[in-house]
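S.K.: Have a look; sequence and predicted model below, questions after that.
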Amino acid sequence: MDLASGLLCLDADPSARPCHACAACRKIEHRNHPDLHLLEPEGAGQQIRVGQVQALAAELALLPLEGRFRVAVVEHANRLNPDAQNALLKTLEEPPARVCLILAADDASTLLPTVVSRCARLRLGPVAADTIAELLDDANLADRSRGSALARLAGGRPGAAIALARRPEAVMAQGRLSRTLLDLLAADRRRRLGAQAELIADGTVLAAAATGTIDDIESADTAAPRARRGSGRSAGAGADRSTARRPSPAERRSAAAQVVYVWRDVARDLAVAARGGSREIRLHDLIDDLVGAAATVDADAVVAFLARLDAAARALDAYANPELVLDALLLEWPSSRQAA
């Protein structure tokens, strides 16, 4: 969005763009600039389809209305289905005059080689904790101390840090999820498989925080304790389950994806602790638990599990059943020597 602002900013000094103060920058901030075109996943499958790409191509063929360019931002471009990617090729190869296309992808491996070859690639890595803390402080979302902690929890992802700062219940859910995963190192298969509902419940809270859906956060946060209680034995508990809305497949996949994100951070810190690098642990609130658990697990097995988590994230993007993905991960999560 900063790149879009820089292209459409009205400041007379090019070095001052984006100024974030002119009319164009304010319109982009509110995403209502007539020359800014946003393409996002839609529908139950959360895909970008060929019809959306065709409509975008038709809009980009027109001259800019207010600015020097027409700027198209394809958010979650890794969710372009194959037909949509093929429909985008012509526009990428020969874009109309004064058109800039930006494809933002979490995982470029899902993009066709023909699409990637027509783009200039810019890799964005994790942002330093101090930078994120400053960002949160400037936005009055958290002071520097809490901002640094949120930055570590978010793994250097500014968007995730902002979502956590706005939703304290999400921070609690992430903490519960991390502790549950560490506890499962010493659990047997039955306990592991029984924990799936807990993981998805807390993942739902995190997914709602990421999308800013307040109602979803409230319902998910009340569902998490219910999931941890297990199956209800009273008539009231049964009635509560019957009236609760079952999450859609897309919502369950999003929740499972959030579980995988948190799991990756826990496994990463566990691998670091197992190699003796306690100073590099990001989850400071769990440092004692991580160091203690690291002494009981095989470091090589944890490193191998990190690759398994990456494969699970790709499987979820490819519409794998979220419950089956989590079951497989729960059974493959390394066991502590005491449990073995």
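M.R.: That came through, no problem. Residues are numbered from 1 along each chain as shown.
S.K.: Residue 158 reaches residue 129, doesn't it?
M.R.: No: taking contacts as CB atoms under 8 Å, residue 158 lies outside contact range of residue 129: 10.6 Å. The way it works is simple: take the backbone N, C-alpha and C, and place the C-beta from them, glycine included.
S.K.: which of these two has more neighbours?
M.R.: residue 129 (20 against 16; other CB atoms under 10 Å).
S.K.: who's in contact with the closest residue to that one other than its chain neighbours?
M.R.: Nearest residue to residue 129 in three dimensions, chain neighbours excluded: residue 151, at 3.9 Å (CB to CB, 6 or more residues apart in numbering). By CB atoms under 8 Å, 6 or more residues apart in numbering, the residues touching residue 151 are 127, 128, 129, 130, 132, 133, 136, 161.
S.K.: Can you tell me how far residue 151 is from residue 142?
M.R.: Using CB to CB, to the nearest Å, residue 151 is found at 9 Å from residue 142.
S.K.: quick one: common contacting residues for these two?
M.R.: Residues within reach of residue 151 and of residue 142 at once, by CB under 8 Å, 6+ apart, are 133, 136.
S.K.: Now for residue 55, how many residues are close by?
M.R.: If we define neighbours as other CB under 10 Å, then residue 55 has 12 of them.
S.K.: distance of it from residue 87?
M.R.: Distance from residue 55 to residue 87, by CB to CB: 10 Å.
S.K.: same thing with residue 23?
M.R.: Separation of residue 23 from residue 87 (CB to CB) stands at 33 Å.
S.K.: Between these two, point out the one with more neighbours.
M.R.: residue 87 (19 against 11).
S.K.: which helices and strands sit right next to whichever strand or helix holds the more buried one?
M.R.: Using DSSP states H and E, residue 87 maps to helix 82-93. With contacts taken as 3 or more CB pairs under 8 Å, 6 or more residues apart in numbering; DSSP states H and E, helix 82-93 sits against helix 50-60, strand 99-103, helix 113-116.
S.K.: which of those sits most buried?
M.R.: Ranked by average neighbour count under the criterion mean count of other CB atoms under 10 Å, the helices and strands packed on helix 82-93 are headed by strand 99-103 at a mean of 19.
S.K.: what's the angle from it to helix 82-93?
M.R.: Strand 99-103 runs at 140 degrees relative to helix 82-93, counting by axes from the mean of the first three to the mean of the last three CA atoms, to 10 degrees.
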